[in-house]
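Enquirer: next input, structure requested:
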Amino acid sequence: MDQLLAVKIGCLAGLLVVPLLCGLIPALVKWFQSNMARGKHRRILSFIGCFAAGVFLGACIMHMVADALGDIQEEIQKRRHQGGLPHKTNCTSEEDNDSDNYPFGELIICFGFFLVFIIESVVLHCCPQAVHSHGDHENQDDHKDPPESHSSFRAFVLFLSLSFHSVFEGLAIGVQKEETAAIQLCLAVLIHKGIVAFSLALKLVQSGTNIRWRVLYLVVFALMSPAGIGVGIGVSLSNGDGSSLAQAVLEGVAAGTFLYVTFLEILPYELRSRESPLSKFFFISLGFCIMAIIAIWA
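Expert: Got it, this is the predicted structure:
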C-alpha cells in the first residue's frame, strides 16, 4: 500500500473514533444533564456551556466563515482566469473593479443565514411547539435554574451545519499530496473536531433531544470527516477536479446556517444565565481562543 494512502486511512480512523468518544461522554453521562444540576454543579455546567459557546463562536468565524469566503473567492478567481476575460481598459476599469470587489462570498453566507431564518419562521408559524424547550416543566421548581433550553430545531440545524462542514475538512485531508501535510492537517482537525463534538453533545443535551437521537446525531457527525477523506482520496487517485465551485457555494450556505445558530441561539442562551458576567466572558473567550489557535494549522 502506498505510504500516503496508509497515512490518510489512519487519519480516517482517528477522525472517526476520537470525535465519537468526545461526543458520547456528555451525551450519555448523567452528570451533564443540566436539568438535574444544583448549586456548584450548575455553575460548573454553566461555565462548560460558556466554553462551548466560545468554541462555536471561534469555529464559526475562524473556520467556517473564513474557509467559505476563501474557497468562494478562489473559485471565482479561477473561473475568471479560465474564462480568458480581457484585461481591464481605462474606460471600463471602474465598472470591472466594482464587479471584482462584489462580496459574492458574503452574499452566499447571508443566503444560508436567511434560509434558516425563513425555515424556522415557517415552522414556528405552523407548529409553535416544535421550537419550544423540552425541559421547561422540569425546572419550574427552582427560579435560579438557567433559562429555557435550546430548541430541538436549532439543535438539528447546528448538527447539520457542523456535519456539512466536517465533510469539507475531511476532503481537504483526502486530497493532500504529501504525508507531512496530511498528518499536520489531520492533527489540527482532530483537536478541532474533538472539542466541537463535545460541545455539540452538550448542546444536544441542553436542547432536550432524545438520547437515541443524540447518539444518532453524534455517530453521523463523527462519520462526516472520514467520508470527506474517502471522497478526497478518490478525487486524488482519479486526478479529478470535482465540482469545486458547487462545494464552495454549499460550504458558504453551511457557514450562514451556523452563523444564525451561533449568534441567535447559543450565545444568547449562555449570556442569559445567572452566573458572573466576567466568568462567562472568560470561558467564552477561552473557547474562542482555542479555535483561533487551531486555525493557525487547520
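Enquirer: output the below-cut-off pLDDT ranges for this protein.
Expert: Applying pLDDT under 70 to the chain flags the ranges 1, 34-37, 83-100, 127-151, 238-243, 298.
Enquirer: which residues in it form helices?
Expert: 3-28, 39-58, 66-82, 93-100, 104-126, 152-174, 179-206, 211-238, 244-261, 267-271, 277-294 (DSSP state H).
Enquirer: need these in a markdown table with mean neighbour count, can you?
Expert: Any C-beta I mention is one placed from the backbone N, CA and C, and that applies to glycine too. Formatted as a markdown table, those follow (neighbours: other CB atoms under 10 Å):
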| stretch | mean neighbour count |
| --- | --- |
| helix 3-28 | 18 |
| helix 39-58 | 21 |
| helix 66-82 | 16 |
| helix 93-100 | 11 |
| helix 104-126 | 16 |
| helix 152-174 | 23 |
| helix 179-206 | 22 |
| helix 211-238 | 19 |
| helix 244-261 | 22 |
| helix 267-271 | 18 |
| helix 277-294 | 17 |
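Enquirer: for A248, see how far away S236 is.
Expert: Here S236 is placed at a distance of 18 Å from A248 (CB to CB, to the nearest Å).
Enquirer: cool, and L124?
Expert: In terms of CB to CB, L124 sits 31 Å off from A248.
Enquirer: again, but for K193
Expert: In terms of CB to CB, K193 sits 21 Å off from A248.
Enquirer: got it, and A68?
Expert: For A68 relative to A248 (CB to CB), the value is 7 Å.
Enquirer: do the same with H41
Expert: Distance from H41 to A248, by CB to CB: 44 Å.
Enquirer: what's the answer for R214, then?
Expert: Applying CB to CB to R214 and A248 gives a distance of 31 Å.
Enquirer: what does F159 give?
Expert: 22 Å.
Enquirer: go on, V17?
Expert: Separation of V17 from A248 (CB to CB): 29 Å.
Enquirer: ok, I25 next?
Expert: 34 Å.
Enquirer: just to check, L160 is in contact with F258?
Expert: No - using CB atoms under 8 Å, L160 is not in contact with F258, being 9.2 Å away.
Enquirer: my guess is A172 contacts L185, does it?
Expert: Yes - assessed by CB under 8 Å, A172 is found in contact with L185 at 6.3 Å.
Enquirer: show me the contacts for the nearest residue to A59 once chain neighbours are set aside.
Expert: In space, and not counting its chain neighbours, A59 is closest to M291: 5.3 Å by CB to CB, 6 or more residues apart in numbering. Contacts for M291 (CB atoms under 8 Å, 6 or more residues apart in numbering) come out as 54-55, 57-59, 62-63, 192, 195.
Enquirer: give the closest residue to P19 in space, chain neighbours not counted.
Expert: A197 (3.9 Å).
Enquirer: wait, that neighbour sits on F221?
Expert: Yes - using CB under 8 Å, A197 makes contact with F221 at a distance of 6.4 Å.
Enquirer: so what sits against both of these two?
Expert: Joint contacts of A197 and F221 (CB under 8 Å, 6+ apart) are 19, 23.
Enquirer: test my guess that V55 contacts L200.
Expert: No - taking contacts as CB under 8 Å, V55 lies outside contact range of L200: 9.4 Å.
Enquirer: so who does I173 touch?
Expert: If you count contacts by CB under 8 Å, 6+ apart, then I173 has 8, 11, 15, 182, 185-186, 189, 225, 228-229, 232 around it.
Enquirer: repeat for F47
Expert: Contacts of F47 (CB under 8 Å, 6+ apart): 275, 279-280, 283.
Enquirer: and C110, by the same measure?
Expert: G256.
Enquirer: measure it to A66 for me?
Expert: Taking CB to CB, one finds C110 at 16 Å from A66.
Enquirer: roughly how far apart are the residue positioned nearest the centre of the chain and L204?
Expert: Geometric centre of the chain, nearest residue: L162, 3.4 Å, by CA atoms, centre = their mean. For L162, the distance to L204 equals 11 Å [CB to CB].
Enquirer: also P277?
Expert: 26 Å.
Enquirer: next: E179.
Expert: 36 Å.
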